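K.L.:
missing the sequence, but the structure's below:
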């Protein structure tokens, strides 16, 4: 049985309070800090998120667009990447909740999404 809601992993470019806001709303969310990955490169963040079934959320558009393309070209997979524009954490939380309530975890697989 597949998960209805995607789990979220926030890289270190996203405020850690966002994970707490989403967890308070009942979603599974973790951070690079919680994973012990502060200072890791982007490929490591994506690898960790993929290995643990998390959709990665970041502000880092250019690097993760390239990683997304590289992963798909190598015929590999990831659990989804969400590029978040720079808004306050409450706006981002609302946008992520809409996304999570619209797409299942399976529908987010290998997708590059923008909020």
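P.N.:
Received, thanks. Please read these numbers as outputs of a predicted model, since none were measured by experiment.
K.L.:
What ranges does this protein have for its strands?
P.N.:
Residue ranges of the strands in the chain, as given by DSSP state E, are 7-10, 29-31, 54-58, 81-83, 112-114.
K.L.:
right, so of those, which gets closest to residue 92?
P.N.:
Residue 92 lies closest, by C-beta to C-beta, to one member of the strands of the chain: strand 54-58, at 8.3 Å. To be clear about C-beta, it is placed using only N, CA and C from the backbone, and glycine gets the same treatment.
K.L.:
Name the strands paired with that closest one and say parallel or antiparallel.
P.N.:
strand 7-10 (parallel), strand 81-83 (parallel) (DSSP bridges).
K.L.:
Dump those strands into JSON lines; add mean neighbour count as well.
P.N.:
Output for the strands paired with strand 54-58, formatted as JSON lines (neighbours: other C-beta atoms under 10 Å):
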{"stretch": "strand 7-10", "mean neighbour count": "27"}
{"stretch": "strand 81-83", "mean neighbour count": "23"}
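K.L.:
that older thread, just send the strands of the chain back as TSV, with mean pLDDT too.
P.N.:
TSV is the format used below for the strands of the chain (pLDDT from 0 to 100):
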stretch	mean pLDDT
strand 7-10	98
strand 29-31	97
strand 54-58	98
strand 81-83	98
strand 112-114	98
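K.L.:
returning to what we had before: what would the strands paired with strand 54-58 look like in TSV with distance to residue 28?
P.N.:
Output for the strands paired with strand 54-58, formatted as TSV (distance: least, C-beta to C-beta, whole Å):
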stretch	distance to residue 28
strand 7-10	4
strand 81-83	14
